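[1] here is a sequence with its predicted model. Questions after.
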Amino acid sequence: MAKIDDLIPSAKEIQKQTALKEAQKADEMAKRLAATEAEKHALIEKLSQPSGLSEDEKVKLASTVIQRAVRNGLTEVQVYRFPNTLCSDRGRAINQMEKGWEKTLNGIPKEIFQLWSDYLQPRGYRIRYQIVDFPGGVPGDISITISWDG
C-alpha cells in the first residue's frame, strides 16, 4: 500500500499550491491588463493622427454612410465614437456646449468636423458631438451624429 503522505498532501502543502496558482492567475491578469492598455494607447495614438484619406475618399465615405441610413429609414446616423482623450480638454467644452468647442478636437474627430463644415453643412446637414457615457461621473466617450431631418 502507498504511503498516506504520497496520497494526501498536508493542508499546508495544499495552501502553498493554491497560493502559487493564485499568484500565476494574478500575473496572467496583470499581463493581459498591460497588453490591453498598450493596445488602447496605440489605438488612441492612431486616432489622434490624420486618417490619411483624400478629400474625395472622405466625401464618398460620408455619402455611403448617409445613403445607407436613408435606405434604412433613418434621419440621423452616428458616424463615429471616440474617447474623450482625443479632445484637448477631455470633452469638457463639448459637455458644457461652450462656443468654440470644436477647437478642442484632434485627429479623426477634427477631420469629421471639417468634412461636415466644408461639404455637409452647406447642404443642410447638422452635426452633434455629445458625451455618451460618464464613467465615475466624468465625461467619457463622445459620439458624432449627422442628421438631415427638419
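    Right, received. Where do you want to start? Numbers count the residues shown, from 1 in each chain.
[2] next one: Asn72 from Ile66, what distance?
    11 Å (C-beta to C-beta, to the nearest Å). All C-beta spots, glycine's among them, are computed from the backbone N, C-alpha and C.
[3] compare these two (neighbour count), which wins?
    Of the pair Asn72 and Ile66, Ile66 is the one with more neighbours under other C-beta atoms under 10 Å, namely 19 against 8.
[4] gap between the helix or strand containing that one and the chain center?
    Take DSSP states H and E as the rule and Ile66 turns out to sit in helix 55-71. Going by C-alpha atoms, centre = their mean, to the nearest Å, the spacing between the C-alpha centre of helix 55-71 and its chain's C-alpha centre is 22 Å.
[5] what about the strands in this protein?
    Read by DSSP state E, the chain holds these strands, from start to end of the chain: 76-82, 126-131, 142-147.
[6] let me know which of those is the nearest to Lys99.
    Taking C-beta to C-beta as the criterion, Lys99 comes closest to strand 126-131 out of the strands of the chain, the separation being 13.4 Å.
[7] can I get the CA coordinates of that closest one in CSV?
    Coordinates of each C-alpha in strand 126-131 appear next as CSV, following Å, rounded to 0.1, in the frame of the first residue of the first chain:
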residue,chain,number,x,y,z
ARG,A,126,-26.4,69.1,-38.9
ILE,A,127,-23.7,67.6,-36.7
ARG,A,128,-23.8,66.8,-33.0
TYR,A,129,-20.9,65.9,-30.7
GLN,A,130,-22.1,64.6,-27.4
ILE,A,131,-20.8,62.8,-24.4
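[8] buried set for that strand?
    127, 129, 131 (16 or more other C-beta atoms under 10 Å).
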